[in-house]
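Participant: Predicted model follows, preceded by the sequence.
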Amino acid sequence: MKRITIFGATGSIGQNTLDLIGRDREAYKVVALTGEQNIEKLARDAITFDAELAVTADPGRLEDLRQALSGTAVQAAAGPEALIEAASRPADWLMSSIVGSAGLAPGLKALEQGTSLALANKESMVCAGPLMLSTAKAHGASILPVDSEHSAVFQALIGEDMSAVERVIITASGGAFRDWPIENLANATPEQAATHPNWDMGQRITIDSASMFNKALELIETREFFEIEPAQIEAVVHPESMIHALVGFRDGALMAHVGPPDMRHAIGFALHYPERKTLPVERLDLVKLGQMTFRPADETRWPALRLAREVMAAGGLSGAVFNAAKERALDGFIEKRIGFQQIARVVEEVLSRVSANRGHIDAAITLDNVINIDHLARTRADEIMTEIEG
Ligand code: NAD
Ligand code: MG
């Protein structure tokens, strides 16, 4: 039996992971499930899957969780330390699918135990890629990418020599506003941004798809995960979302990963790796699909992509600044404090203010330094949003 833990079990990736586990219950022992506000769902799944432990990230919800689990054998816990304790419990495989930089510390803890880490939490690689890779190496743990583009690249690289790789192309659907005239973007609402043309995902990543901050994070994630040069990484808009990524080799060959937009493919690939097992995803009918189209990823429409290039060039802790600023600016947009196009403005301004002290960016990439600079970037983002409102 494979012992598994899911961080962010109540979210979109977590639920898709449970869907796969639920199809073959005998094969798995669920160690821990974690969530935050959705206590009902967390308790329901912990009971259904006979988990040892359920953890809510919010200490204020512990009593609710205890009550929801009363009379069952599932232990209840809450708060950041409880998350770390859950990550340190022996498991063979851990899904890291918390949204945001809050996913970093538990993922690192799991790697320190030698646990195989299925990584949906792209923020971990953006904030602390070198730390993630060195921790995995030091403890003999593997990191399996779950972001569909990175899973696609990983699969296209199986059996290949990295020295033969010329470029990596990741695709973007273009999100909710890809066909909107640029002039209309200033008035785009959070509700409009939170509807995705192809993928069914959590609210935050869906809005990040509309702003392309999701793709910006993924460009950085590609650099960190595969340790290739920024100049070798491209993004292209592909509205059908059937090709997830392509790897270009020095002989001119492009290896594409093609499949319907269903995260259960990438999750299942990471769950069964290195084997390939049958997965409940739709089989693509190419004739029915008819055509696949591509457009440039326009940096005027989506300034997040330009900012990602700047972050990759700056290196160090700038990825952590970029991510934290984006997380706060996204909160500001969801709360209607700032407009859609101001998300990128806030992030750019935070990058410029924090990077003015080069020492901040060049400090060692440790968990403490990432946490500190994450706080600093959030504070700056709040200041800038207050300036914009004023
Ligand atoms: P979601 O919003 O649906 O779920 C987020 C999960 O994290 C929930 O379980 C929530 O309770 C938990 N959570 C939220 N804030 C937390 C905090 N501060 N501390 C601890 N737990 C917290 O998000 P999602 O769409 O499932 O995305 C999860 C991660 O996977 C993100 O990093 C996202 O970028 C990545 N990802 C998602 C998809 C997708 O299809 N949804 C695809 C690729 C990558
Ligand atoms: Mg992705």
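Facilitator: Arrived safely. Numbering: from 1, shown residues only. Ligands and ions are numbered 1, 2, ... in the order given.

Participant: State which helix of this structure is the longest.
Facilitator: Using DSSP state H, we find that the single longest helix of the chain is helix 367-389.

Participant: Return the backbone torsion pair for the closest residue to ligand 1 within the stretch 151-300 of the chain.
Facilitator: Residue nearest to ligand 1 within the stretch 151-300 of the chain: residue 202 (2.6 Å; CB to the nearest ligand atom). Every residue, glycine included, has its C-beta placed from N, CA and C. Note on residue 202: its backbone torsions stand at phi -60, psi 160 [degrees, to the nearest 10].

Participant: from memory it sits against residue 10, does it?
Facilitator: No. The pair formed by residue 202 and residue 10 falls short of the contact definition of CB atoms under 8 Å, at 10.1 Å.

Participant: what's the helix or strand for the residue lying farthest from the centre of the chain?
Facilitator: Distance from the C-alpha centroid of the chain peaks at residue 71, with 35.3 Å (CA atoms, centre = their mean). Under the assignment given by DSSP states H and E, residue 71 is not contained in any helix or strand.

Participant: how near is it to residue 61?
Facilitator: 19 Å (CB to CB, to the nearest Å).

Participant: Please apply the same query to residue 75.
Facilitator: 15 Å.

Participant: how about residue 54, secondary structure?
Facilitator: Here residue 54 takes the strand state, with states given by DSSP: H, G, I helix; E, B strand; the rest coil.

Participant: what's near enough to touch the closest residue to it other than its chain neighbours?
Facilitator: Excluding its sequence neighbours, the residue lying closest to residue 54 (CB to CB, 6 or more residues apart in numbering) is residue 46, at 3.8 Å. Neighbouring residues of residue 46 by CB atoms under 8 Å, 6 or more residues apart in numbering: 30, 33, 53-54, 69, 72, 74.

Participant: count of neighbours near the closest residue to residue 354 other than its chain neighbours?
Facilitator: Spatially, and ignoring its direct neighbours in sequence, residue 354 is nearest to residue 321 (4.9 Å; CB to CB, 6+ apart). For residue 321, the number of neighbouring residues by other CB atoms under 10 Å comes to 29.

Participant: Residue 321 in helix, strand or coil?
Facilitator: helix.

Participant: contacting residues for residue 115?
Facilitator: Taking CB under 8 Å, 6+ apart, one finds 5, 87, 90-94, 141 in contact with residue 115.

Participant: could I get these as CSV with neighbour count and pLDDT?
Facilitator: Shown next, in CSV, are the contacts of residue 115 (neighbours: other CB atoms under 10 Å; pLDDT from 0 to 100):
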residue, neighbour count, pLDDT
5, 27, 99
87, 26, 98
90, 10, 98
91, 23, 98
92, 15, 98
93, 23, 98
94, 28, 98
141, 18, 98
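
Participant: quick one: is stretch 305-325 near ligand 1?
Facilitator: No. Stretch 305-325 stays clear of ligand 1 (CB under 6 Å from any ligand atom), getting no nearer than 10.1 Å.

Participant: ok, and for that stretch, which residues are buried?
Facilitator: Neighbour-count burial for stretch 305-325, with 16 or more other CB atoms under 10 Å as criterion, is recorded at 305, 307-309, 311-312, 314, 316-325.

Participant: Ok, stretch 26-43 next?
Facilitator: Those would be 28-36, 39, 41-43, for stretch 26-43 by 16+ other CB under 10 Å.

Participant: Same check on stretch 381-389?
Facilitator: Buried, per 16+ other CB under 10 Å, within stretch 381-389: 381-382, 384-385.

Participant: got JSON lines for those residues, with distance to residue 231 too?
Facilitator: Listed next are the buried residues of stretch 381-389 as JSON lines, based on distance: CB to CB, whole Å:
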{"residue": "381", "distance to residue 231": "29"}
{"residue": "382", "distance to residue 231": "34"}
{"residue": "384", "distance to residue 231": "30"}
{"residue": "385", "distance to residue 231": "33"}
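
Participant: can you tell me which of these lies nearest to ligand 2?
Facilitator: residue 381 (23.5 Å; CB to the ion).

Participant: can you pull the contacts of that closest one?
Facilitator: Contacts of residue 381 by CB under 8 Å, 6+ apart are 324-325, 328-329, 332, 346-347, 350.
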